[in-house]
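Novice: Sequence and predicted model, in that order:
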Amino acid sequence: MHSNGRLPGDSRTAREIEQQPATWSRVADAVRRARPEIEQLVGGADRRIVLTGAGTSAFVGEVVARDLARHLGRPVEAIATTEIVADPLAVVVDDRPILLVSFARSGNSPESVAAADLLHRLAPGLRHLVITCDPGGELARRWSGAGNAVVVALPDEVNDRGFAMTSSFTGMALAALLAFGLEVDVEALARAGSTVIGAAAEHAAAIAGAKPARLVFLGSGPLRGLAREAALKCLELTRGEVVGIADSALGFRHGPKSVLDERTIAVVFLSTDPHTRPYDVDIARELVRSLGEERVVVVGAGDPGEFDGARIWPVPAPPGVPLAGHALLAVIAAQTTALACSLALGVTPDNPFPEGEVNRVVQGVVIHEFAPPEVS
């Protein structure tokens, strides 16, 4: 364990993971300044709310959609830009007005720009909220000053310079909750985040030291989006040498459980919802029977006896922090695990693909012209 609580390695990625709790108050300040414009933009209870992004930015929407829907009292849909661009008519299915919420670290991904442009053409009355870490990115430039849009630019420090998105993920998720008026005790969240960071090196090193070939991440409800983000971090930072797999606690039994073997470690993100939590407990116990105590990690609050001896990675659930906010604490476990596995394999976390096989901003995407079908 690193006695000072610092993460191992001298990398941008480590620093960007560590800085997250300190950035959250500044994210809140940025949203607070934009709230009057956002309130005018949201308007009408009949307006569909579609959360979009690609990769990690798409998972932001999956994590926050449930809490936003409960707070607003209407459905909130998380649909990736990659799906919108490939099949826009699956999104625009009627004439209800849409509020599109775009999440983007840089806003330079071709799908980020194309998805918004397509919906602007196909959905009359579209309104657009852009939450981005780069005010100079293409998405922000395209929509700044538009009468039907508000661009919220987050503090520069959450515009991650490392390969994988870390503080940009938590910054945009928090910004989305606050943008729609959901109350979050940001100070309590930051204190809890600092606690998780302080103990992360020891827990992450224990997982990496077991030399897993596969990491299975399971989460229920919005924590399934967190599981998907965790699996992606694992793949990105280890250059695919550790395979990350994500599913829900209940869905995992329906076939994906076949992936378990002697080189698998399973991580269960424990929900704070009292109805959902027992399903997470059940799958953790089942995994202990399949893999053994040392190969099952429960991220959340509990004791090993409750999970038949599984290892516990404590993550607090402070009052005044919704489930999506709790996910911002739990994702630190995934980020630091991916970092530790990367270093154990001798991969450079800031640049795991030096030959450019995978890029920080996606490349190689051709946006094909969309021609709406003729109505007979």
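Specialist: On my side now, so go ahead.
Novice: in the stretch 1-150 of the chain, which spans are helices?
Specialist: 12-18, 20-42, 56-72, 81-86, 110-122, 138-143 (DSSP state H, counting those that start in this stretch).
Novice: what's stretch 317-330 in contact with?
Specialist: The contact list for stretch 317-330, computed with Cβ atoms under 8 Å, 6 or more residues apart in numbering, reads 20, 24, 63-64, 66-67, 170, 173-174, 177, 182-185, 188-189, 191-193, 196, 221-223, 225-226, 269, 271-273, 299-301, 315-316. For glycine as for every other residue, the C-beta is placed from the backbone atoms N, C-alpha and C.
Novice: and with 7 Å instead?
Specialist: 63-64, 66-67, 170, 173-174, 177, 182-185, 188-189, 192-193, 196, 222-223, 226, 269, 271-273, 299, 301, 315-316 (Cβ atoms under 7 Å, 6 or more residues apart in numbering).
Novice: which SS class is the closest residue to Leu250 other than its chain neighbours?
Specialist: Setting aside the residues directly before and after it, Leu250 is nearest to Tyr279 in space (Cβ to Cβ, 6 or more residues apart in numbering), at 5.8 Å. Using DSSP: H, G, I helix; E, B strand; the rest coil, the structure places Tyr279 in helix.
Novice: same check, this time on the one 4 residues further on
Specialist: Classification of Ile283 using three-state DSSP returns helix.
Novice: Would you enumerate the residues in contact with it?
Specialist: For Ile283, counting by Cβ under 7 Å, 6+ apart, the contacting residues are Leu218, Ala249, Phe252, Val268.
Novice: Would you mind measuring from the second one to Leu329?
Specialist: In other words, Ala249. 19 Å (Cβ to Cβ, to the nearest Å).
Novice: and what of the first one?
Specialist: According to Cβ to Cβ, Leu218 and Leu329 sit 17 Å apart.
Novice: ok, now Ser220?
Specialist: 16 Å.
Novice: Which one of the helices of the stretch 1-150 of the chain lies nearest to Pro372?
Specialist: Closest to Pro372 of the helices of the stretch 1-150 of the chain is helix 110-122 (Cβ to Cβ; 7.2 Å).
Novice: that older thread, would you point out the most distant pair within the contacts of Ile283?
Specialist: Phe252 and Val268 (9.6 Å).
Novice: any shared contact partners between the two?
Specialist: Shared contacts of Phe252 and Val268, counting by Cβ under 7 Å, 6+ apart, come down to Leu218, Ile283.
Novice: Looking at these two, which is more packed in?
Specialist: Taking other Cβ atoms under 10 Å, Phe252 and Val268 do not tie; Val268 has more neighbours (29 against 24).
Novice: Now do the contacts for that one.
Specialist: Val268 touches Leu218, Ala249, Asp280, Ile283, Ala284, Val298, Val299, counting by Cβ under 7 Å, 6+ apart.
Novice: 6 Å instead, please
Specialist: Going by Cβ atoms under 6 Å, 6 or more residues apart in numbering, Val268 touches Leu218, Asp280, Ala284, Val298.
Novice: circling back to that earlier point, select only the buried ones of the contacts of stretch 317-330 in ChimeraX?
Specialist: Filtering these down to the buried ones (16 or more other Cβ atoms under 10 Å) takes a single ChimeraX command:
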select :63,64,66,67,170,173,174,177,182,184,189,192,193,196,222,223,226,269,271,272,273,299,315,316
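Novice: Let's see which of the contacts of stretch 317-330 end up in strands.
Specialist: Phe269, Val299 (DSSP state E).
Novice: Point me to the helix or strand that includes His326.
Specialist: helix 323-344 (DSSP states H and E).
Novice: re the thing from before, quick one: closest of the helices of the stretch 1-150 of the chain to Ala333.
Specialist: Using Cβ to Cβ, the helices of the stretch 1-150 of the chain put helix 12-18 closest to Ala333, at 10.6 Å.
Novice: for that closest one, the distance to its chain's centre please.
Specialist: 16 Å (Cα atoms, centre = their mean, to the nearest Å).
Novice: who does that helix touch, helix- and strand-wise?
Specialist: Packing partners of helix 12-18 (3 or more Cβ pairs under 6 Å, 6 or more residues apart in numbering; DSSP states H and E): none among the helices and strands.
Novice: average pLDDT across it?
Specialist: Averaged across helix 12-18, pLDDT comes to 96.
Novice: That one: which residues count as buried?
Specialist: Arg12, Thr13, Ala14, Arg15, Glu16, Ile17, Glu18.
Novice: what's the distance between the closest residue to Val92 other than its chain neighbours and Asp94?
Specialist: The shortest distance from Val92 to any non-neighbouring residue, by Cβ to Cβ, 6+ apart, is to Leu122 (4.4 Å). To Asp94, Leu122 is 11 Å away according to Cβ to Cβ.
Novice: domain ranges for the protein?
Specialist: Following automatic domain parsing, one finds the domains of the chain at 12-179, 186-344.
Novice: pLDDT (mean, whole number) over the shortest one?
Specialist: The reference is to domain 186-344. Rounded mean pLDDT across domain 186-344 is 97.
Novice: What is the end-to-end distance of that domain?
Specialist: Length of domain 186-344, first residue to last, Cα to Cα, to the nearest Å: 34 Å.
Novice: neighbours around the nearest residue to Cys133 once chain neighbours are set aside, how many?
Specialist: Distances taken as Cβ to Cβ, 6+ apart put Asn159 closest to Cys133, at 3.8 Å, once the chain neighbours are dropped. If you count neighbours by other Cβ under 10 Å, Asn159 ends up with 21.
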